[in-house]
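Chemist: Kindly generate the corresponding structure for this input.
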Amino acid sequence: LQSFENSERAAASCGLSVVKGWAIFEKRDKPPGTAFVAERYWWNALPVSGTWVDLTPRPAGFPQLLLAEAADEHGLKHRTCLSQDHVKLQTQLLKFRFPDFSLPTRTLP
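Modeler: Predicted coordinates:
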């Protein structure tokens, strides 16, 4: 989580460039190789080689991550206020990635 902020911090502190694109996850509730989900995701690239590095921590269940760089800026993340629908989606993503983690029961007003 927090790939956007993590990549921006790494860029500011280490001189890395930010790569904007998508993380692609296989849905485990479907037969292998049949269903995937893409999520907006940012990572970094090393200055000289351009080699991609992802400094965002991942849960143990995701030892590898498939990243796809966006072809253009269309559809990339822009800063917005978090809506109730976004909160629900983020909650589902947390449960998917961290199945043993329980979220607080408090809801937003």
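Chemist: in what helix or strand does Lys95 lie?
Modeler: Assigned by DSSP states H and E, Lys95 belongs to helix 84-97.
Chemist: and that helix, what other elements does it pack with?
Modeler: Contact partners of helix 84-97 among helices and strands, from 3 or more Cβ pairs under 8 Å, 6 or more residues apart in numbering; DSSP states H and E: none. (Each C-beta comes from the backbone N, C-alpha and C, glycine too.)
Chemist: Pull out the buried positions in it.
Modeler: Neighbour-count burial for helix 84-97, with 16 or more other Cβ atoms under 10 Å as criterion, is recorded at Phe96.
Chemist: now it, how far from the chain's geometric center?
Modeler: 12 Å (Cα atoms, centre = their mean, to the nearest Å).
Chemist: Spatially nearest residue to the most centrally placed residue in the chain (excluding sequence neighbours)?
Modeler: The centre of the chain sits closest to Tyr41, judged by Cα atoms, centre = their mean, with a distance of 3.9 Å. Distance criterion Cβ to Cβ, 6 or more residues apart in numbering; nearest residue to Tyr41, sequence neighbours excluded, is Ala23 at 3.7 Å.
Chemist: Nothing else from me, thank you.
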